[in-house]
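>>> Sequence first, then the predicted structure, then my questions.
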Amino acid sequence: MILSDKDIKRYIKEGKIKIKPKPNIKEQLGPCSLDLHLGNIFKTFRPSQYPYLDLKRSTNFEELMEEIEVKDGAPFILQPKDFILAMTREEFSLSDDLMARLDGRSSLGRLGIVVHSTAARFDPGWRGKAVMELGNLGIMPVVLYSGMRICSLTFETLSSSCEISYLKKKGQKYGRQKSPQASKINQEFKK
């Protein structure tokens, strides 16, 4: 079941949902979601000698990316056809009987901005900042600002607490993120 605004407030108060910095409920809470803000660290692919990305190669995808940090409230220009990794300003954690889904804002989608292209589910026991895969499908550059509302989380209850939460799962790749991390999919081919 998806949590209502009333239940989101209750779960925050009970500590089942923890968010830092503390949300401004009047600004961020919707009828069944909680808005999050764009952080100030971005990752983009830099030019490379590789003609393509081979998932079975032992390529360190982190080395193919450049981290860009802007000041709080500063602009970041997302050019047409650009793809970047960005993250939320907020760090959040979920109890073992709760999951969350991240959705982009319709107002940005109407400008051609894809806020999260895949993997929008946060498993029970998640802790960290949400990394978003931002893209500009439009024909005009769009200026995004660190600190602007960028996405929202909806929360769903599980039928029972999970046996193994995300951070306890062997092989979890992205828990406790403080900055965007490049893909670690090639680790799966090493097994």
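Sure, I can see it.
>>> you'd agree Glu90 is up against Pro23?
Yes - here Glu90 reaches Pro23: they are 7.3 Å apart, a contact under C-beta atoms under 8 Å. Quick note: C-beta positions are derived from backbone N, CA and C, even for glycine.
>>> Please list all residues in contact with Lys16.
Counting by C-beta atoms under 8 Å, 6 or more residues apart in numbering, Lys16 makes contact with 94-95, 97-98.
>>> Dump those to a markdown table, plus neighbour count, distance to Asp82 and secondary structure.
Shown next, in a markdown table, are the contacts of Lys16 (neighbours: other C-beta atoms under 10 Å; distance: C-beta to C-beta, whole Å; DSSP: H, G, I helix; E, B strand; the rest coil):
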| residue | neighbour count | distance to Asp82 | secondary structure |
| --- | --- | --- | --- |
| Leu94 | 22 | 31 | strand |
| Ser95 | 21 | 36 | coil |
| Asp97 | 15 | 38 | coil |
| Leu98 | 22 | 34 | strand |
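>>> got these as CSV, with distance to Leu85 columns?
Listed next are the contacts of Lys16 as CSV, based on distance: C-beta to C-beta, whole Å:
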residue, distance to Leu85
Leu94, 21
Ser95, 27
Asp97, 29
Leu98, 25
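>>> got these as a markdown table, with pLDDT and distance to Lys18 columns?
Output for these, formatted as a markdown table (pLDDT from 0 to 100; distance: C-beta to C-beta, whole Å):
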| residue | pLDDT | distance to Lys18 |
| --- | --- | --- |
| Leu94 | 96 | 8 |
| Ser95 | 96 | 9 |
| Asp97 | 95 | 14 |
| Leu98 | 97 | 11 |
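>>> Relative to the least confident helix or strand in the chain by mean pLDDT, what are the paired strands and their orientations?
The weakest-scoring helix or strand in the chain, judged by mean pLDDT, DSSP states H and E, is strand 121-122 (a mean of 91). Paired neighbours of strand 121-122 in the sheet (DSSP bridges): strand 98-104 (antiparallel).
>>> Let me see the residues that make contact with the helix or strand just after the strand it pairs with.
Next along the chain after strand 98-104, taking DSSP states H and E as the criterion, comes helix 106-109. Identification of contacts with helix 106-109 by C-beta under 8 Å, 6+ apart yields 115, 142, 150.
>>> still on that earlier bit, could you identify the most distant pair in the contacts of Lys16?
Largest separation among those by C-beta to C-beta: Leu94 and Asp97, giving 8.8 Å.
>>> didn't Ile41 look like it was pressed against Ile84?
No - using C-beta under 8 Å, Ile41 is not in contact with Ile84; the gap is 10.4 Å.
>>> More neighbours: the two, which one.
Ile84 (21 against 18; other C-beta atoms under 10 Å).
>>> surely Met65 meets Ser48?
No - with contact taken as C-beta under 8 Å, Met65 and Ser48 are classed as non-touching, separated by 9.6 Å.
>>> any idea which of the contacts of helix 106-109 is closest to Glu133?
Val115 (8.4 Å).
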